[in-house]
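Novice: Predicted model follows, preceded by the sequence.
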Amino acid sequence: MTDFSSTSEPDSGAEPMQIKAECAEVIAEVWTLLDGECTPETQDKLRQHLEDCPPCFQFYGLEERIKGLIGSKCRGERAPERLLERLRVEISRTTIIRGR
C-alpha cells in the first residue's frame with residue numbers, strides 16, 4: 001500500500017506536480033477501495049481525497065459504474081474448465097519463476 005496525505009488546498013503553495021502525483025496514487029488505489037481491500041486508514045485517506053478532488057471523484061464514479069456493469073453482466077457465469085486449468089498452470093509458472 002502506498003502512503004499519501006490528503007489533498008491540500010490549491011492556494012497552500014503545493015506544487016502542481018505534487019498534486020498530480022497524489023492523484024496518480026489515488027487512482028492506482030481506486031480498485032482496492034471499490035473491492036473493500038484497503039485498510040480503514042487508507043480508505044479514509046482515499047475518501048478524503050475524492051471529496052476534495054473533483055477529477056478523481058469523477059474517475060472513481062466511472063470505475064464504480066464499470067465494476068457494477070461487470071458484476072451485473074457476469075453474474076452466474078463460469079469460465080470453461082480448460083481455461084481455468086490453463087490459468088492455474090500459468091499462475092504456477094509465474095510463481096515458480098519469481099520464487100527463484
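Specialist: Great, that's in hand.
Novice: With just CA atoms, put the strand or helix carrying residue 89 into CSV.
Specialist: Residue 89 is part of helix 81-99 when elements are defined by DSSP states H and E. Written as CSV, here are the backbone C-alpha positions of helix 81-99 (Å, rounded to 0.1, in the frame of the first residue of the first chain):
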residue,chain,number,x,y,z
GLU,A,81,-12.7,-25.8,-17.1
ARG,A,82,-10.0,-25.9,-19.8
LEU,A,83,-9.4,-22.1,-19.4
LEU,A,84,-9.3,-22.4,-15.6
GLU,A,85,-6.7,-25.2,-15.8
ARG,A,86,-4.6,-23.1,-18.3
LEU,A,87,-4.7,-20.2,-15.9
ARG,A,88,-3.7,-22.3,-12.9
VAL,A,89,-0.7,-23.6,-14.9
GLU,A,90,0.4,-20.1,-15.9
ILE,A,91,0.0,-18.8,-12.4
SER,A,92,2.1,-21.6,-11.0
ARG,A,93,4.8,-21.0,-13.6
THR,A,94,4.9,-17.3,-12.7
THR,A,95,5.1,-18.2,-9.0
ILE,A,96,8.0,-20.6,-9.6
ILE,A,97,9.9,-18.1,-11.7
ARG,A,98,9.5,-15.3,-9.2
GLY,A,99,10.3,-17.7,-6.3
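Novice: Residues contacting that helix, please?
Specialist: residue 79 (Cβ atoms under 8 Å, 6 or more residues apart in numbering). Just so you know, the C-beta spots here come from the backbone N, C-alpha and C atoms, and that holds for glycine as well.
Novice: quick one: low-confidence ranges for this structure?
Specialist: Where the chain drops to pLDDT under 70, the residues are 1-19, 95-100.
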